[in-house]
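Asks: structure for this input, please:
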Amino acid sequence: MTESSLNQRFSTGGIRGLFLLFFPILLMTFSNCIFLLVEKLLLGRLSTQSMEAAVNVAYVCQISQGASVAIAMMAQVFIGRWYGSREWQAMGPGIWQFIWFAFLSMIITLPCSLIVGKWYFQGTIVEKIALPYFYFLSSINFLYPLGAALSCFFVAQGKIHLVLWTTLGSQILKLLLAFILIFGWESWIPSFGLLGGAISTAVAQGGFCFILLSIFLSKNHAKIYQSRAWRFQFRLFWDCIYIGFLRALNRILNFTSWAAIAFLMTRKGGDHLLILSLGGALNLFLPFLGDAICQAQTTVVSQILGAKKYSLLNKAFRSGFILIIILIALVSIPLLIFPCETFHFLFPRVILDELMIPRIFMGIWTSFAFLTFGYIPISYILAYKDTHFSLFMGVVNWINGYLLMYIAIEKISIAAEQFWLVLTLMHATTALLYLWRMKYLQKRSLRMVEISTPALS
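Replies: The predicted structure is shown next:
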């Protein structure tokens with residue numbers, strides 16, 4: 001099947017086209033998130049405190065990483081629209097503005113991370129081992145938006161195999177290095193513990209960016225897409241970044257809300273910190289399914305909007321919904337049917353009451369289900385570039401997220417194993433609000449078509 005026919009199939013909104021785009025992206029997001037899980041499991045075998053420190057560092061790192069990647073990922077929308085409207089020579093200069101952003105972002109993210117990290121971990125039981133790990137990850141933050149922008153150049157065109165194999169290669173390298181550097185290798189390489197995971201991340205992510213950038217700058221891409229037009233163009237830079245900036249504010253609000261919720265549990269210590277860390281290890285991994293759906297659906301919807309085929313939007317939603325139901329059902333097998341077996345396999349050194357494990361995993365599953373469903377309407381919001389609403393939702397999440405959990409944890413004093421189940425309320429209300437906005441945007445597009453189409457006499 002030719003690349004052209006594949007792209008045409010993506011833009012029809014059908015379930016088969018979505019599957020063809022989804023599965024390679026799924027492998028990419030899986031390979032990215034599996035390291036987060038495996039690293040935490042390896043550190044859990046090193047010591048429970050190392051795992052707890054790594055999970056909490058991941059929550060804080062998400063603030064700067066998530067914000068910068070959110071801006072860079074808007075490249076997928078721009079490339080999808082330019083590709084759908086056949087404005088190919090705009091693609092190279094556009095991606096370069098996102099590359100410039102990746103480097104310039106360190107002016108803000110690095111000093112902010114240093115300040116936030118010191119405040120967040122000060123006085124906690126994991127402060128001593130968490131801070132060096134956090135500072136190292138903060139120093140390589142630019143690699144994440146850089147990799148995201150370069151990936152979008154290929155993925156938004158439906159050219160996903162290159163990104164897929166490069167991602168798989170980098171993640172395999174990362175896992176091998178993490179195992180060696182965390183535990184050491186006989187007398188040849190000492191054990192770096194937590195820092196071993198950070199070093200392996202820097203090497204693998206740097207290699208990933210280098211390979212994609214080299215191919216992006218190839219002679220063929222330079223001819224078709226002007227990929228060597230590297231100059232900083234302030235007007236174009238602002239047009240690309242402004243929309244993503246509003247989305248980034250949404251991410252900052254979301255991640256700071258979540259970090260504040262995690263801080264409530266960390267401060268209580270004991271079972272609260274342990275259950276936060278156990279569920280957090282899975283919570284950092286399972287969103288790879290939602291991320292894959294969001295990327296695939298955003299590409300499909302962006303191409304539909306670029307081609308002005310608005311009647312296909314409902315068809316695309318049905319395809320995404322079917323895929324979501326399948327994924328939620330699959331995840332229920334280890335979490336709901338075999339909870340104790342799954343728990344003992346993942347966390348062999350952790351001892352918990354057998355009656356608590358099913359309740360914890362039920363909460364993790366319901367939280368995952370509503371979070372994943374929300375990615376479908378979110379993909380429409382992104383494709384429409386409706387970032388003002390995204391910013392509004394960031395504010396809402398402090399109300400139905402942090403405020404809800406503050407009342408539950410501090411005022412009601414819920415049991416530790418109920419944490420993830422209560423968190424489901426936040427994801428459910430968020431998903432419903434995004435769904436309402438998606439329906440509004442669809443109706444507005446169809447009304448515009450009716451107005452612009454002259455009535456038949």
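Asks: which residue ranges form the helices in the stretch 201-350 of the chain?
Replies: Secondary structure of the stretch 201-350 of the chain (DSSP state H, counting those that start in this stretch): helices at 219-225, 234-268, 270-285, 287-306, 313-332, 339-346.
Asks: go through those and name the closest to residue 413.
Replies: Residue 413 lies closest to helix 234-268 among these, at 9.5 Å (Cβ to Cβ). Quick note: C-beta positions are derived from backbone N, CA and C, even for glycine.
Asks: report pLDDT for residue 448.
Replies: The per-residue pLDDT reported for residue 448 equals 66.
Asks: among the helices of the stretch 201-350 of the chain, which is the most enclosed?
Replies: Stretch with highest mean neighbour count among the helices of the stretch 201-350 of the chain: helix 287-306 (a mean of 25; mean count of other Cβ atoms under 10 Å).
Asks: and that helix, what other elements does it pack with?
Replies: With contacts taken as 3 or more Cβ pairs under 8 Å, 6 or more residues apart in numbering; DSSP states H and E, helix 287-306 sits against helix 3-10, helix 15-46, helix 48-84, helix 313-332, helix 356-383.
Asks: hey, what's the angle from it to helix 356-383? Just curious.
Replies: Orientation check (axes from the mean of the first three to the mean of the last three Cα atoms, to 10 degrees): helix 287-306 against helix 356-383 gives 20 degrees.
Asks: what mean pLDDT does helix 287-306 have?
Replies: The average of the pLDDT scores along helix 287-306 is 79.
Asks: check the offset of it from the chain's centre.
Replies: Mean-position distance between helix 287-306 and its chain equals 12 Å (Cα atoms, centre = their mean, to the nearest Å).
Asks: tell me how far stretch 361-374 is from the chain's mean position?
Replies: 16 Å.
Asks: picking up where we left off before, what's the most buried one of the helices and strands packed on helix 287-306?
Replies: Counting by mean count of other Cβ under 10 Å, helix 48-84 has the highest mean neighbour count of the helices and strands packed on helix 287-306, with a mean of 24.
Asks: wait, which of the helices and strands packed on helix 287-306 is closest to residue 140?
Replies: When these are compared by Cβ to Cβ, helix 48-84 sits nearest residue 140, at 9.9 Å.
Asks: the next helix or strand along the chain from the closest one vs helix 234-268, what angle?
Replies: For helix 48-84, the following helix or strand on the C-terminal side (DSSP states H and E) is helix 91-104. Angle, helix 91-104 to helix 234-268, by the same axes, to 10 degrees: 40 degrees.
Asks: using PDB, list the CA coordinates for helix 91-104.
Replies: Only the C-alpha atoms of helix 91-104 are listed here, as PDB (Å, rounded to 0.1, in the frame of the first residue of the first chain):
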ATOM      1  CA  MET A  91       6.500  22.500   6.800                       C
ATOM      2  CA  GLY A  92      10.300  22.800   7.100                       C
ATOM      3  CA  PRO A  93      10.400  26.400   8.300                       C
ATOM      4  CA  GLY A  94       7.500  25.700  10.600                       C
ATOM      5  CA  ILE A  95       9.300  22.700  12.300                       C
ATOM      6  CA  TRP A  96      12.400  24.900  12.700                       C
ATOM      7  CA  GLN A  97      10.400  27.300  14.900                       C
ATOM      8  CA  PHE A  98       9.500  24.500  17.200                       C
ATOM      9  CA  ILE A  99      13.200  23.400  17.300                       C
ATOM     10  CA  TRP A 100      14.200  26.900  18.300                       C
ATOM     11  CA  PHE A 101      11.600  26.800  21.000                       C
ATOM     12  CA  ALA A 102      13.000  23.500  22.400                       C
ATOM     13  CA  PHE A 103      16.400  25.200  23.000                       C
ATOM     14  CA  LEU A 104      15.000  28.500  24.200                       C
END
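Asks: show me what counts as buried in the next helix or strand after that helix.
Replies: Going down the chain from helix 91-104, the next helix or strand is helix 106-121, by DSSP H and E. Judged by neighbour count using 16 or more other Cβ atoms under 10 Å, the buried positions of helix 106-121 are 106, 109, 110, 113, 116, 117, 120, 121.
Asks: of all the residues you listed, which two lie farthest apart?
Replies: Maximum distance among those (Cβ to Cβ): 21.2 Å, for 106 and 121.
Asks: grab the nearest non-local neighbour of the residue sitting nearest the centre point of the chain.
Replies: Geometric centre of the chain, nearest residue: residue 291, 5.4 Å, by Cα atoms, centre = their mean. Nearest non-adjacent residue to residue 291, counting by Cβ to Cβ, 6 or more residues apart in numbering: residue 29, 4.5 Å away.
Asks: before we move on, the earlier item: closest one to residue 133 among the helices of the stretch 201-350 of the chain?
Replies: Nearest to residue 133 among those is helix 270-285; the distance by Cβ to Cβ comes to 14.5 Å.
Asks: who does the closest one touch, helix- and strand-wise?
Replies: Here helix 270-285 touches helix 15-46, helix 48-84, helix 234-268, helix 356-383, helix 419-452, going by 3+ Cβ pairs under 8 Å, 6+ apart.
Asks: now the fourth one and helix 270-285, what's the angle there?
Replies: With the same axes, to 10 degrees as the criterion, the two stretches helix 356-383 and helix 270-285 enclose an angle of 40 degrees.
Asks: run the chain-centre distance for helix 356-383.
Replies: Relative to its parent chain, helix 356-383 has a centroid offset of 13 Å by Cα atoms, centre = their mean.
Asks: got the angle for that helix vs helix 339-346?
Replies: Per the same axes, to 10 degrees, the angle that helix 356-383 makes with helix 339-346 is 80 degrees.
Asks: try the second one
Replies: Helix 48-84 runs at 100 degrees relative to helix 339-346, counting by the same axes, to 10 degrees.
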